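S.K.: Sequence and predicted structure below; questions after.
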Amino acid sequence: MLETEEIGDDTWVKFRPYAYHCDPPEVARARLLAESVALEGVRGWMRTLGFTSYSQTRIRGEDPAPQVSSIAWDLTGPSYIRPMAKVVGGRLRQGFVVADIILGPLVGAPAVATVVRKHDMASALPTIPPIMPFLIADAFTPEGHRLAKQKGLLPTTTAQLLGDIIARSLRELVDMLTNLGATVAVNPEHLEKVLKELTRIEGAADNLRGALFELAVAYLVKEVEGGFVKAGVQVTDPWTKRSADIDVLLDRPEGQSILVIECKAKIPGNTVTLDQVRKWREDRVPLIWSALDNGDHYKGRKFTFELWSNGAFRPEAEAWLAAQHHDPRFEVAWRNGAAVRSYTGEAKSATISKIMNEHYFRHPLAQAPGGKPKDRGRRS
C-alpha cells in the first residue's frame with residue numbers, strides 16, 4: 001500500500017495514488033511549511049498569554065518531539081494556570097496544552113473525530129493530568145466545528161489566533177509554493193509582501209528564507225538573463241525511473257545553454273559541506289541531465305549546472321569541486337554568497353534586489369565569516 005519517492009534531500013513515504021488519495025509532494029511540502037510557520041506563531045501566542053511554560057513549549061519538527069501521554073502532537077507545553085494545575089501530595093502538578101494543526105481544505109467531522117480519539121487515548125488513564133486540546137485550521141465545516149465543541153476540543157482558526165493578515169499570508173505562501181512547477185508567475189512584489197508579513201513571527205524567518213530562496217533566485221536569473229524560467233520542477237530519468245527536483249531551470253534566449261540551478265539557503269553560521277556538493281555533483285547533476293536530455297523539449301541542448309548559496313562553501317568543498325574533471329556533456333559552476341550578491345547587483349528590479357539583500361545578505365545574523373568576496377567557481 002506504500003511507496004517511497006526521493007525528492008531533493010528528502011525521502012517521501014506515501015500511499016499509492018490508485019489506492020488512496022494523497023497530495024503531490026509539492027503540495028504536502030508547501031502545507032507543512034505553512035503549518036510550521038503557523039505553529040511558531042501559536043507558540044508565541046501561548047507563551048505571551050502564559051498558557052504554557054515559555055522554555056518547555058515544543059512544536060513539530062523539534063527534538064525531543066512534542067509528546068503528551070506518549071502520543072505525538074503538533075504542539076505541547078506544560079501549563080500552570082489555575083484550572084490545569086493541581087496540588088497532589090503537597091506538590092503542584094501541571095497540566096498540559098496540546099494542539100494539532102490542519103491547514104488547507106475545510107476541516108470536517110472525520111478529521112475532528114481523529115483528534116478526539118487521540119485526546120481520549122491520551123486522557124484514558126486516571127493518573128494523567130488535565131489536557132487542554134486545540135485544533136487549529138484555516139476553517140471548519142459546520143459539522144466539524146459542532147463536533148469539536150461537543151467533544152470538548154477548542155476549534156480555532158489561524159485568523160483568530162494570529163490575525164487576518166498572517167492567515168492570508170499563510171494561504172498565499174502555500175499557493176506560491178504549490179504553483180512553482182508550472183512557471184514563476186507570482187511577481188517579486190508579492191513575494192516581498194509575504195516575506196515581510198510572515199518573518200514577523202519569531203522563529204519562522206529561517207524556515208521561510210530557506211524555502212523561498214529558490215523562488216527568489218528564479219526571479220533574479222530571469223531578471224538578469226531573460227528567457228523562460230521555472231522553479232520546483234520534478235523530472236524523471238526514463239532509464240533509471242529515478243526522480244529529482246530542479247530548484248530553478250532557465251531556458252535562456254537565443255540558443256544559449258539551459259541553466260539548471262541547485263539552491264542551498266543557509267542560516268547564519270552554516271556552510272555548504274563537502275557531502276552536499278558531492279551528492280549534487282555526482283548524483284543530482286547526472287540524473288537531471290539524463291532526464292532533460294532524454295526528453296523531447298531539451299534534447300540536444302547545451303546545459304550548465306550551477307550550485308548557488310547565500311552562505312559560504314567549506315574550503316574542502318570548493319577544493320573538491322575545482323578538482324573535478326570536465327564532463328563533455330555539460331558545464332558545472334558554483335556561486336557562494338559573495339558571488340550571488342555580486343550577481344544580484346546586475347538586476348534592474350529594485351524589489352528583487354531588496355528581497356535578496358534584506359533576507360539573504362544583510363540580515364543582521366547572516367553575515368558570512370571574514371574573507372574577501374570570491375568570483376563564481378567554474379569547471380568548463
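M.R.: Perfect, I can see it now.

S.K.: Please give the centre-to-centre distance between the longest helix along the chain and its chain.
M.R.: Ordering each helix of the chain by length in residues (DSSP state H) puts helix 25-49 first. When C-alpha coordinates are averaged (CA atoms, centre = their mean, to the nearest Å), helix 25-49 and its chain have centres 11 Å apart.

S.K.: following that helix, which helix or strand shows up next?
M.R.: Scanning forward in sequence from helix 25-49 by DSSP states H and E, the next helix or strand is strand 58-59.

S.K.: quick one: contacts of that next one?
M.R.: Under the criterion CB atoms under 8 Å, 6 or more residues apart in numbering, residues Ser36, Leu39, Glu40, Val42, Arg43, Pro64, Ala65, Pro66, Asp74, Leu75, Thr76, Gly77 lie in contact with strand 58-59. Glycine gets a C-beta too; all of them are placed from N, C-alpha and C.

S.K.: How about the contacts made by the fifth one?
M.R.: Each residue near Arg43 by CB under 8 Å, 6+ apart is listed here: Thr57, Ile59, Leu75, Gly77, Gly203.

S.K.: and with 6 Å instead?
M.R.: Thr57, Ile59 (CB atoms under 6 Å, 6 or more residues apart in numbering).

S.K.: any idea how far it lies from Asp164?
M.R.: Here the distance between Arg43 and Asp164 works out to 20 Å (CB to CB, to the nearest Å).

S.K.: Equivalent analysis for the second one, please.
M.R.: Relative to Asp164, Leu39 is positioned 19 Å away (criterion: CB to CB).

S.K.: got it, and the fourth one?
M.R.: Distance, Val42 to Asp164, by CB to CB: 16 Å.

S.K.: swap in Leu321?
M.R.: Distance, Leu321 to Asp164, by CB to CB: 47 Å.

S.K.: go on, Thr158?
M.R.: 9 Å.

S.K.: same question, His119
M.R.: Taking CB to CB, one finds His119 at 29 Å from Asp164.

S.K.: Test for you: state the pLDDT assigned to Ile7.
M.R.: Reported pLDDT at Ile7 in the predicted model: 60.

S.K.: cool, and Trp12?
M.R.: 68.

S.K.: same deal with Leu180?
M.R.: So, for Leu180, pLDDT stands at 53.

S.K.: Please apply the same query to Phe361.
M.R.: In this model, Phe361 carries a pLDDT of 86.

S.K.: Repeat that for Glu318.
M.R.: Reported pLDDT for Glu318: 96.

S.K.: Next: His297.
M.R.: His297 is given a pLDDT of 86.

S.K.: three-state assignment of it?
M.R.: coil (DSSP: H, G, I helix; E, B strand; the rest coil).

S.K.: Compare neighbour counts for Thr158 and Asp164 and give me the winner.
M.R.: Higher neighbour count among Thr158 and Asp164: Thr158, with 26 against 11, using other CB atoms under 10 Å.

S.K.: Which residue is the nearest non-sequential neighbour of the more buried one?
M.R.: Closest residue to Thr158 apart from its sequence neighbours, by CB to CB, 6 or more residues apart in numbering: Ala167 at 4.2 Å.

S.K.: shouldn't the one you found be in contact with Ala159?
M.R.: Yes. Using CB atoms under 6 Å, Ala167 is in contact with Ala159, at 4.0 Å.

S.K.: number of nearby residues for Phe303?
M.R.: By other CB under 10 Å, the burial measure for Phe303, its neighbour count, is 19.

S.K.: is it true that it touches Arg329?
M.R.: No. Here Phe303 lies out of contact with Arg329, judged by CB under 6 Å, at a distance of 7.3 Å.

S.K.: for Ile136, helix, strand, or coil?
M.R.: strand.

S.K.: what's the pLDDT at it?
M.R.: On the pLDDT scale, Ile136 gets 98.

S.K.: does it have beta-bridge partners, and which?
M.R.: Assessed by DSSP bridges, Ile136 has beta-bridge partners Ile101, Thr156.

S.K.: which residues does it contact?
M.R.: So Ile136 contacts Ala99, Ile101, Thr156 (CB under 6 Å, 6+ apart).

S.K.: Tell me how far Ala322 lies from Thr271.
M.R.: 16 Å.

S.K.: Which one of those two is surrounded by more residues?
M.R.: Taking neighbours as other CB under 10 Å, Ala322 and Thr271 compare with Thr271 leading, 18 against 11.

S.K.: Just list the residues touching the more buried one, thanks.
M.R.: Thr271 makes contact with Gly311, Ala312, Arg314, according to CB under 6 Å, 6+ apart.

S.K.: shouldn't Thr344 be in contact with Met356?
M.R.: Yes. Counting by CB under 6 Å, Thr344 touches Met356, with 4.6 Å between them.

S.K.: Excluding residues flanking it in the chain, which one is nearest Asn294?
M.R.: Pro238 (5.2 Å).

S.K.: Roughly how far does the one you found sit from Asp293?
M.R.: 10 Å.

S.K.: okay, the two: which has more neighbours?
M.R.: Set side by side, Pro238 and Asp293 show more neighbours around Asp293, with 16 against 10, by other CB under 10 Å.

S.K.: ok, residues contacting the host helix or strand of Leu292?
M.R.: Leu292 belongs to helix 285-293 when assigned by DSSP H and E. Here helix 285-293 makes contact (CB under 6 Å, 6+ apart) with Val235, Thr236, Asp237, Arg242, Ala244, Tyr298, Lys299, Phe303, Phe305, Phe330.
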